[in-house]
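S.K.: need a 3D model of the following:
(chains A and B)
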Amino acid sequence: MVSISGPVRALARDDAQTAVSALYQQHWAGLLRLAVLVMDDRQAAEDVVQEAFTNLYRHWPLREPEAVLGYLRTAVLNRSRSVLRRRRVARLYIPPHQAPNASAESDAVLGEERLQVQRALQALPTRTREVLVLRYYLDLPFAEIAQLLGIGESSARSNASRGLATLTDRLKDIR
Amino acid sequence: MTDTESRLRDYLDAKAATVPPNEQGPGLLADVRRHRPVWPLLATAASVAAVLALTVTVLTHVGPDKPAPASNPAARPQGVPFTVIDAKGKVTLYDGDRKVQRPANIDSISARVGDGWVAGYYKEPHANVVILKADGTYRAIGPEWSDTPVVSPDGKQIAMVVHEKRGADSGRLAVFDVASGAEVATVPLPKYQTALSGWNSTGIWINSHDFGPPFIEELRVWRPGTPEAQQVPISKGTSAVATRPDTATVAITTDSGKKQCIQAASLKDGRLEVEREYCDSRVQAAYPVVSTDGQRLLHSLAKVVIDVPTGKTTKLKLQNSIVTWPKPIFEDATHVLVVTSPKGYDFPQQLHRCDALTGDCTLLRTEKNKQIVLLQP
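M.R.: Residues are numbered from 1 along each chain as shown, chains lettered A, B, ... in the order given. Okay, the predicted model is just below:
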């Protein structure tokens, strides 16, 4: 008896690799930017994005291929949140100000005004920060933000509103 | 659009632009972690180890994979244990004449206790606080879901945060007797996620964040046996607390947005009384390190030692940057051990002993491509 499961599976894997590699080329940088904005840690962001694609490759094909970018964004956000959650429990092992891969060079590029925003943003709850990044960087509508984060639309709106108010207060404080 | 919205968009666009749009990843099938410096992995692993748990019974007296015999490293710091981590994550612990190969599933070795060291056990999905012994065996101490252990000034007890379930934000602080493993005291913790900064002659210092670094929302101190942890008022922008067992001094980092400072303070009438403040606007962040007697602080980014009673500063004579995390450590009142590297986070790494009074430093060890991590004695 001859088994054909090996070759068929191998062919399926080839297809998956081709398809996910194309998505990788297309979306890697954008997803890395999203993760960097949420975590402020380039190195951890790269790991998170890589894990998201690896997971996509494992589960390819998706039932809804058109939703692949949403799937990847959600995966990146979920993993970023998980990293931040672990980090806050173990903050004794993490530098108080600098993310592990933060560099003087990248901060110098930002300048003092932006660093103030960065600090104020970092001090927000993770969920609120995610909402603000999705709204003000990706310009996503609240309905899509809610879908990506698995929360209600009203919750997304209130997070954005509260986050902006807190940012305003904190930026006033440090002026 | 409000001013805040404009500034937020501007910051997000600028920050995102640090990743060029045409930058390519390492490839779908690449293992991106393999080529990284080891310490962020250690930090991540330590954090994972600190969060998850394993039952005490399973862990008690588990044997090592390959216990390593004691040996004599050619050069080592006096009195302070340290680990050396190679590019593959292999960790060797040195403490005096003792040399231990870190067993599988053991991570976040943090401090000496009894005849061993406090560490974390992690094997998905389990983890726990353990005491690692010189022969490579280890035993669990405390219940599941415990993290951020700190050792009492007399070395006989360990305090840790005990979470009621995996990943829970709330929990309690519990103290365990090292010899018997028995829980001897406990107190509920506030709602925020909590970690322990240290245990000194004043008590156990507890800091609580809302969500993640950088700023501490609440600071409390608890003397075991008293009914509750006392809240200590702190200013907005307090982001780090450090202390040593044999002192009442705590060092804190403050950030007003315009200047960042480290302060030496002690608890007086329920408040932190600042005895000395040092600010340096030229550096982004300050990482306070306290001497064993609490009389000196090291500002590691500025490479400056501050004498708390007089305010006198001593610049350490080091060419390279100090690796600020994991932190340097004083081995006594006047000598501090620091790890340096060309940029403060790269290789080679060099371990120095510096005289806090003169700034003179002696090279103790060089690791071309390995990371040196100093532990609490």
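
S.K.: does any part of stretch B:295-306 sit near chain A?
M.R.: No - against chain A, stretch B:295-306 shows no contacts by Cβ under 8 Å from any Cβ of the partner chain, the least distance being 9.4 Å. Every residue, glycine included, has its C-beta placed from N, CA and C.

S.K.: and the end-to-end length of that stretch?
M.R.: 8 Å (Cα to Cα, to the nearest Å).

S.K.: name the residues of it that are buried.
M.R.: B:Q295, B:R296, B:L297, B:L298, B:H299, B:S300, B:L301, B:A302, B:K303, B:V304, B:V305, B:I306 (16 or more other Cβ atoms under 10 Å in any protein chain shown).

S.K.: need the residues that contact the helix or strand containing B:M160.
M.R.: With elements taken from DSSP states H and E, the one containing B:M160 is strand B:157-163. Contacts to strand B:157-163, defined as Cβ atoms under 8 Å, 6 or more residues apart in numbering or on different chains, come from residues B:51, B:113, B:118, B:129, B:141-143, B:145-152, B:170-178, B:184, B:186, B:189, B:194-196, B:199, B:204, B:224.

S.K.: buried subset of the residues you listed?
M.R.: Buried, going by 16+ other Cβ under 10 Å: B:51, B:113, B:118, B:129, B:141-143, B:145-152, B:171, B:173-176, B:178, B:189, B:194-196, B:199, B:204, B:224, out of the contacts of strand B:157-163.

S.K.: identify the residues contacting residue 150.
M.R.: No chain was given, so I picked chain A. A:G150 sits next to A:T74 when contact means Cβ under 8 Å, 6+ apart.

S.K.: chain B, not that one
M.R.: B:V150 makes contacts with B:A111, B:I158, B:A159, B:M160, B:L196, B:S197, B:G198, B:W199, B:I204, as judged by Cβ under 8 Å, 6+ apart.

S.K.: same check, this time on A:Y137
M.R.: With contacts taken as Cβ under 8 Å, 6+ apart, A:Y137 has the following neighbours: A:R33, A:L34, A:L37, B:R9, B:L12, B:D13, B:A16.

S.K.: same thing but at 6 Å, please
M.R.: By Cβ atoms under 6 Å, 6 or more residues apart in numbering or on different chains, the residues touching A:Y137 are A:L37, B:L12.

S.K.: phi first, then psi, for it.
M.R.: The phi and psi values for A:Y137, taken as degrees, to the nearest 10, are phi -100, psi -50.

S.K.: in strands only, show me the contacts of strand B:157-163.
M.R.: B:113, B:118, B:129, B:146-151, B:171-177, B:184, B:186, B:194-196, B:199, B:204 (DSSP state E).

S.K.: and stretch B:253-271, how far out from the chain's middle?
M.R.: Centroid displacement of stretch B:253-271 relative to its chain, using Cα atoms, centre = their mean, to the nearest Å, is 19 Å.

S.K.: residues making contact with that stretch?
M.R.: The contact list for stretch B:253-271 (Cβ under 6 Å, 6+ apart) reads A:96, A:174, B:202, B:233, B:235, B:237-240, B:248-252, B:272-279, B:281, B:286, B:288, B:297, B:299, B:308.
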